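>>> got a predicted model here, sequence first, then my questions.
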Amino acid sequence: MTDGFSARPGALDVVEDIFDPYADRLREECGVFGVFGHPEAAALTALGLHALQHRGQEAAGIVSYDGDRFHAEKRLGLVGDHFSDGKIIARLPGRSAIGHNRYSTTGETILRNVQPLFAELDAGGLAVAHNGNLTNAMTLRRELIRAGAICQSTSDTEVILHLVAHSRRPRIIDRFVNALREIEGAYALVALSTKKLVGARDPLGIRPLILGELDGCHILTSETCALDIIGAKYVRDIENGEVVIISEDGVQSLRPFPPQPMRPCVFEFVYFARPDSVVQGQSVYEVRKRMGMELARESCPDADVIVPIPDSGVPAAIGFSRESGIPFELGIIRNHYVGRTFIQPTQGVRELGVRMKHSANRSQVEGKRVVLVDDSLVRGTTSLKIVKMMRDAGAKEVHFRLACPPIMHSDFYGIDTPERNKLLAATHTLEQMREFIGADSLAFLSVDGLYRAMGYEARDAAHPQFSDHCFTGDYPTALTDYSGETPRQLSLIAEAS
Ligand code: AMP
């Protein structure tokens, strides 16, 4: 979910300036979890959110239903800092619950934006948690406000609740489906009504959603790692455009949209998903290792040691080392008591964060020709610091390899990539990037190499198998809020910027 309506240093500057009256925007990647009919619903949800912590570290919330009333607890900070407290779980009684981890990278996180969001409707209460970003939420929100809606939060997820409230259909599930017909963009939703747990995945399946089972009870989660933590069984991925309704009667599936080929977000494999998760039937860890192998085939310098940037570069570096035959060593040690680099909202603090997070393991790099491997390069902050750190530690040569293609385009679907003019690859040639980070050589995995790592011969340009707009500029949906232009036109505007 995204706070689309408060501060907005995001997205394509040129497009915003021309078309968008809302000057600022936050973008987020989140984790969602839901369980139906289990006596420990809230505790399971807290554990699930803990396993999904990498998807959002700013805030977490759980809403439960006890057969009579809904209960909500929301906190800023990490799941373990709040929801491991038995007293908080005790305030969330009931056999059904949903939860949400929020990831926001810029601006303040205010408690009223923390999900799940809840609304009391004439047909009963409804709580919603959202991973993704709606690309027409601002347009819809303006219309809703003009029609008299009063918004409590600045979140695009609230738009969904208003659309449900405005629908004239008698049953909540029909209202929910009506709301889905109006929204565009990326979403994996879990919703809880008095009788049902509902899951929905956008028509292209950009964001992931998984169905699991524990003790005969059904679970919805962003990733399989949240099933593993509670010993639940994986049942299946929710399909693109599918709505699942979980109730006392079991699991029912609706397909309210015209069928479309699936286009999940490739960035789940590149960076977001936890390596022990299975995405689209494939081990994320194995795919990342294959990305490293492909990269080694495409561009392997003469070197003495392969060093991963921990933790995100580790599987690709293992693959790179295996394919190249160059030994793998932990030439950088990560301090695990600081969060992901991107969490700090300002560039200055972010830079400090990088230094706090990584140290050179001098014994493994001194006097050596080092190949650094990371999953991706965004602003170049991490790479710049780490190349210098390697040189300061006595490395003879420092080569940098990235296990994904250059990130040239902003994301509008809930992944935190900054505005285009802050993406190093959008503003620099390969040689300029090499010079900027100070490496002896620099190379990125090719787009086709990325697809090969995911088990395809190549990217199918006519029908791309994934949403890979960060690399290709090929946006898979309309981006109404951003321009009113088609994605293709938007991409051209981006090119011109
Ligand atoms: P940068 O330092 O700006 O080039 O960012 C690159 C680092 O951030 C890499 O080590 C990635 O693992 C990580 N990264 C890539 N994409 C994201 C994202 N959307 N959110 C947070 N971190 C990211």
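Perfect, thanks for sending it.

>>> host element of residue 389?
Element membership for residue 389, per DSSP states H and E: helix 381-392.

>>> so is that helix next to the ligand?
Yes: Helix 381-392 lies in contact with the ligand when judged by C-beta under 6 Å from any ligand atom; the contacting residues are 381, 382, 383. Placement of C-beta: from N, CA and C, glycine included.

>>> can you report how many residues neighbour the second one?
The local packing of residue 382 (other C-beta atoms under 10 Å) involves 25 other residues.

>>> same deal with the last one?
Other residues within reach of residue 383, judged by other C-beta under 10 Å, total 27.

>>> now it: how far from residue 374?
According to C-beta to C-beta, to the nearest Å, residue 383 and residue 374 sit 7 Å apart.

>>> buried ones in stretch 151-166?
For stretch 151-166, the neighbour count (16 or more other C-beta atoms under 10 Å) marks 153-166 as buried.

>>> next up, the contacts around residue 36.
Residue 36 makes contact with 95, 96, 196, 197, 217, 218, 219, 246, 247, according to C-beta atoms under 8 Å, 6 or more residues apart in numbering.

>>> ok, residue 305 next?
Contacts of residue 305 by C-beta under 8 Å, 6+ apart are 326, 327, 328, 329, 331, 364, 365, 368, 369, 370, 371.

>>> show only the entries of the residues you listed found in strands.
Here DSSP state E is the test, and those give 369, 370, 371 as lying in strands.

>>> ok, the residues you listed vs the ligand, which is closest?
Closest to the ligand out of the ones in strands among the contacts of residue 305 is residue 371 (15.5 Å), distances taken as C-beta to the nearest ligand atom.

>>> what segments of the stretch 151-300 of the chain are helices?
For the stretch 151-300 of the chain, the helices defined by DSSP state H, counting those that start in this stretch cover 156-166, 172-182, 225-229, 267, 284-298.

>>> least reliable of these going by mean pLDDT?
Of all those, the minimum mean pLDDT falls on helix 156-166 (a mean of 92).

>>> that older thread, redo the helices of the stretch 151-300 of the chain as TSV? Include distance to residue 202.
Formatted as TSV, those follow (distance: least, C-beta to C-beta, whole Å):
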stretch	distance to residue 202
helix 156-166	12
helix 172-182	8
helix 225-229	20
helix 267	15
helix 284-298	20
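
>>> so which of those is the most packed in?
Of those, the one with the most neighbours on average (mean count of other C-beta atoms under 10 Å) is helix 267, at a mean of 27.

>>> would you mind listing what in the stretch 251-400 of the chain touches the ligand?
271, 309, 312, 340-342, 374-383.

>>> out of the residues you listed, which sit inside strands?
residue 374.

>>> looking at the residues of the stretch 251-400 of the chain next to the ligand, which has the most residues close by?
Neighbour counts for those (other C-beta under 10 Å) peak at residue 383, which has 27 neighbours.

>>> of the ones in strands among the contacts of residue 305, which is the most crowded?
When neighbours are counted by other C-beta under 10 Å, residue 371 leads those with 33 neighbours.

>>> is it true that that one touches residue 303?
Yes: the pair residue 371 / residue 303 is scored as a contact, 4.6 Å apart, by C-beta atoms under 8 Å.

>>> need the residues touching each of those two.
Joint contacts of residue 371 and residue 303 (C-beta under 8 Å, 6+ apart) are 326, 399.

>>> circling back: go through the residues of the stretch 251-400 of the chain next to the ligand and name the one nearest residue 241.
Distance to residue 241 across these (C-beta to C-beta) is lowest for residue 271, with 25.0 Å.

>>> correct me if wrong: residue 323 contacts residue 292.
Yes: at 7.1 Å, residue 323 and residue 292 qualify as touching, with contact defined as C-beta under 8 Å.

>>> and whichever residue of the stretch 1-150 of the chain sits closest to the ligand, how far from residue 199?
Nearest residue of the stretch 1-150 of the chain to the ligand (C-beta to the nearest ligand atom) works out as residue 29 at 6.5 Å. Residue 29 sits at a distance of 18 Å from residue 199 (criterion: C-beta to C-beta).

>>> go on, residue 317?
For residue 317, the distance to residue 199 (C-beta to C-beta) stands at 35 Å.

>>> if you count what's nearby, which of the two comes out ahead?
Between residue 317 and residue 199, counted using other C-beta under 10 Å, the more crowded position is residue 317 (30 against 26).

>>> may I have the phi/psi pair for that one?
phi -70, psi -40 (degrees, to the nearest 10).

>>> make a markdown table out of the contacts of residue 36 and add distance to residue 278 and pLDDT.
Formatted as a markdown table, the contacts of residue 36 follow (distance: C-beta to C-beta, whole Å; pLDDT from 0 to 100):
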| residue | distance to residue 278 | pLDDT |
| --- | --- | --- |
| 95 | 27 | 98 |
| 96 | 25 | 98 |
| 196 | 26 | 97 |
| 197 | 22 | 98 |
| 217 | 21 | 98 |
| 218 | 18 | 98 |
| 219 | 15 | 98 |
| 246 | 21 | 98 |
| 247 | 27 | 98 |
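
>>> which strands or helices does the one helix or strand residue 44 maps to pack on?
Using DSSP H and E, residue 44 sits within helix 41-51. Under the contact definition 3 or more C-beta pairs under 8 Å, 6 or more residues apart in numbering; DSSP states H and E, helix 41-51 sits against strand 31-36, strand 59-65, helix 79-82, helix 86-90, strand 96-102, strand 217-221, helix 225-229.
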